[in-house]
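**Q** Here is a sequence with its predicted model. Questions after.
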Amino acid sequence: MNYIRFDYPTKASPTTSLVFYHAVQLEPHVLKDEYPNPLITTLDGTDYSYRKAVYRTILPLKIDLMLSIERSDLINWINNIVLGGFRAFDYTNQANTTYNVKIMEDMLDIGEGSYPYSTELTLLVT
């Protein structure tokens, strides 16, 4: 597969889809959110922690917008389909692996300029 794909609400039953042929998923990474560990001692004397840490997978993308229509489609997708980072959608990468994700950026820098124009997008696996 030589493209990435966004499907809302899911890949199985999309109402809206967006495909980019000039995009690449960069190296994914995992964020670990540490929380205070309140220890509770059980009746048998064992210490137990309810919350230890939360791991979140981040998928950075680099998208080359080759035409102005791709730029306007991406802006429309973000503003009107997934409402920024509010709605989750399915993202399928070049290896045909599908993730349910949300967009992490509050403001996306998709400036005007000559094409091709590159932009980066960060997705949070939900």
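**A** Done, it's in. Numbering: from 1, shown residues only.

**Q** and the residue nearest to Leu26 when sequence neighbours are not counted, what are its bridge partners?
**A** Leaving aside its chain neighbours, Leu26 sits nearest to Pro60 (4.2 Å; criterion: CB to CB, 6 or more residues apart in numbering). Every C-beta, even on glycine, is put in place using the N, C-alpha and C of the backbone. As for beta bridges, Pro60 partners with Thr122 under DSSP bridges.

**Q** Next one: Pro60, what pLDDT does it get?
**A** Listed pLDDT for Pro60 reads 93.

**Q** got a list of what it touches?
**A** Contacts for Pro60 (CB atoms under 8 Å, 6 or more residues apart in numbering) come out as Gln25, Leu26, Glu27, Pro28, His29, Glu120, Leu121, Thr122, Leu123.

**Q** Ok, Gln94 next?
**A** Contact analysis of Gln94 by CB under 8 Å, 6+ apart lists Met1, Asn2, Tyr3, Ile4, Val24, Gln25.
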